[in-house]
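J.: coords please:
(one chain, ligands or ions: 2)
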Amino acid sequence: MTDSASPFSGRVAVVTGGGSGIGRAVATRYGAGGGTVVVCGRRREPLQETAEQIRAAGGRADAVVLDVRDADAVATAFATVRERHGRIDALVNNAAGNFVCPGEKLSPGGWRAVIDIVLNGTFHCTRAAADTMLGQGSGSVLSVIASYAWHGHPGTVHSAAAKAGVLAMTRTLAVEWADRGVRLNCIAPGPTETAGAGAALWAEPASRERVLASVPQARTAGTGEIAEAAAFLLDDRAAYITGEVLTVDGGQWLGKQVYGTPLAQVREAGDDRR
Ligand SMILES: CCCCCCCCCCC/C=C/C(=O)SCCNC(=O)CCNC(=O)[C@H](O)C(C)(C)COP(=O)(O)OP(=O)(O)OC[C@H]1O[C@@H](n2cnc3c(N)ncnc32)[C@H](O)[C@@H]1OP(=O)(O)O
Ligand SMILES: NC(=O)C1=CN([C@@H]2O[C@H](COP(=O)(O)OP(=O)(O)OC[C@H]3O[C@@H](n4cnc5c(N)ncnc54)[C@H](OP(=O)(O)O)[C@@H]3O)[C@@H](O)[C@H]2O)C=CC1
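T.: Ligands and ions are numbered 1, 2, ... in the order given. Modelled structure (predicted):
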């Protein structure tokens with residue numbers, strides 16, 4: 001049984017896109033839970049900043065420059081992590097690229113840009129981590145998706161298709177590797193305040209307003225809230241959970257199920273009843 005204050009003690013995690021936003025928060029949470037964290041991404045500076053923050057708080061962290069689209073570089077990087085740290089207990093597939101574009105205007109290059117990072121990058125990293133995890137007979141893979149993986153969303157055909165692919169990959173490999181000690185799950189955050197998402201998805205005040213209006217809890221998530229849910233799925237409290245998605249979105253996607261009737265109108269209709 002693990003120590004509840006240090007559930008990740010003696011464990012090693014790789015967090016892709018760990019230099020910013022949700023990835024940084026998950027890496028920091030894993031470090032605070034006693035684990036060693038290897039953060040990777042394309043830009044060295046933000047990665048080093050994350051690693052320094054974790055070390056300053058008393059944790060252990062390394063920064064590795066890596067483009068998840070490059071399968072050979074991914075295999076080499078994960079082999080190096082195993083040589084250096086002896087094991088890989090967790091992989092967080094968090095790296096992503098996104099922008100809003102109507103399907104009929106999306107170029108093949110735009111489609112590839114997102115599919116290559118989100119779907120292909122997730123496969124490369126999962127495959128490389130599995131070399132170690134299946135060998136040691138344990139491991140936990142957590143991929144960050146979005147609820148439009150199952151309901152779709154206008155303007156995001158590339159990202160929605162990629163996230164749906166990641167969900168199918170997760171469910172498939174969860175069954176393939178269940179009796180070999182490796183669990184795979186997804187987390188689906190709702191709108192979360194990060195510089196990346198803000199710039200890519202709600203740069204205009206009007207788009208931000210619309211996004212906020214779509215969340216029944218009427219607020220965005222903090223990165224720490226997403227990291228806390230991620231930590232639960234990564235640690236042994238979730239030992240019997242595999243192939244699942246944990247949605248952390250303030251009710252956003254269920255809120256879509258009002259069949260076009262705004263919530264305010266539903267409330268008005270019930271005003272005369274006690
Ligand atoms: C209305 C929607 C609101 C939905 C709200 C729902 C709430 C929450 C759900 C959110 C779920 C997911 C969120 C996120 O993923 S947030 C993460 C965002 N972070 C990032 O995007 C950071 C990383 N980003 C990047 O690396 C780049 O933005 C990019 C993905 C574009 C990749 O960069 P790269 O340098 O490889 O790309 P290029 O600039 O060379 O372009 C490659 C091709 O893509 C085309 N492109 C690029 N930008 C656009 C654009 N804005 N519109 C259309 N096409 C674009 C570009 O033209 C290239 O194609 P061609 O070669 O064919 O020209
Ligand atoms: N914020 C939100 O509202 C939501 C976010 N999500 C998901 O959460 C995750 C994190 O998003 P968020 O923190 O908002 O966004 P960020 O833009 O802050 O994070 C994306 C990270 O991915 C890294 N990255 C991008 N391309 C590559 C690549 N080719 N190789 C390695 N790393 C790469 C970036 O680093 P670098 O550029 O240095 O490579 C960056 O650190 C994503 O999977 C996103 O789809 C899901 C739902 C909602």
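J.: for the rest of this, base every contact and every neighbour count on C-alpha atoms.
T.: OK.
J.: which SS class is the spatially closest residue to residue 178 that is not a sequence neighbour?
T.: Sequence neighbours aside, residue 242 is the residue nearest to residue 178 in space, at 7.7 Å (criterion: C-alpha to C-alpha, 6 or more residues apart in numbering). Three-state call for residue 242 (DSSP: H, G, I helix; E, B strand; the rest coil): coil.
J.: run a quick check on residue 242 versus residue 174, I expect a contact.
T.: Yes. A contact is recorded between residue 242 and residue 174 when judged using C-alpha atoms under 8 Å, the distance being 5.9 Å.
J.: near ligand 1, which residues of the stretch 51-200 of the chain?
T.: Applying C-alpha under 6 Å from any ligand atom, one finds that the stretch 51-200 of the chain approaches ligand 1 through 96-101, 106-110, 113-114, 146, 155, 190-191, 196-197, 200.
J.: quick one, which of these are buried?
T.: When burial is judged by neighbour count using 16 or more other C-alpha atoms under 10 Å, the buried members of these are 96, 98-99, 101, 106, 113-114, 146, 155, 190-191, 196-197.
J.: got the phi and psi for the residue nearest to residue 178?
T.: phi -150, psi 150 (degrees, to the nearest 10).
J.: hang on, the earlier thing: within reach of ligand 2, which of the residues of the stretch 51-200 of the chain next to ligand 1 are there?
T.: Filtering these for proximity to ligand 2 by C-alpha under 6 Å from any ligand atom leaves 96, 97, 146, 190, 191, 196, 197.
J.: so which of those residues sit within helices?
T.: Applying DSSP state H to those, the entries found in helices are 196, 197.
J.: next, give me the two most distant ones among the ones next to ligand 2 among the residues of the stretch 51-200 of the chain next to ligand 1.
T.: In those, the most distant members under the criterion C-alpha to C-alpha are 97 and 190, with 16.1 Å between them.
J.: now do the shared contacts for residue 242 and residue 174.
T.: Both residue 242 and residue 174 are in contact with 183, 184, 185, where contact means C-alpha atoms under 8 Å, 6 or more residues apart in numbering.
J.: and which of these is nearest ligand 1?
T.: Proximity of those to ligand 1 was ranked by C-alpha to the nearest ligand atom; the top entry is residue 185 with 16.9 Å.
J.: for that closest one, give me its contacts.
T.: Residue 185 makes contact with 140-143, 170-171, 174, 233, 241-245 under the criterion C-alpha under 8 Å, 6+ apart.
J.: ok, those vs residue 122, which is closest?
T.: So of the contacts of residue 185, ranked by how close each gets to residue 122 (C-alpha to C-alpha), first place is residue 143, at 7.7 Å.
J.: residues in a beta bridge with that closest one, which ones?
T.: residue 93, residue 186 (DSSP bridges).
J.: report the contact partners of it.
T.: Under the criterion of C-alpha under 8 Å, 6+ apart, the contact partners of residue 143 comprise 92, 93, 94, 122, 166, 170, 184, 185, 186, 187.
J.: what mean pLDDT does the helix or strand containing residue 226 get?
T.: When elements are defined using DSSP states H and E, residue 226 is found to belong to helix 223-234. Per-residue pLDDT values across helix 223-234 average out to 98.
J.: pLDDT (mean, whole number) over the longest helix along the chain?
T.: Looking only at the chain and at elements set by DSSP H, the helix with the highest residue count is helix 157-176. On average, the pLDDT along helix 157-176 is 98.
J.: got the buried residues for that helix?
T.: Of the residues in helix 157-176, those scored as buried under the neighbour-count criterion (16+ other C-alpha under 10 Å) are 157-167, 169-171, 173-174.
J.: list the contacts of that helix.
T.: Contact partners of helix 157-176, identified using C-alpha under 8 Å, 6+ apart, comprise 97-98, 102-103, 110-111, 114-115, 118-119, 122-123, 143, 145-146, 148-150, 152-153, 182-186, 242-244.
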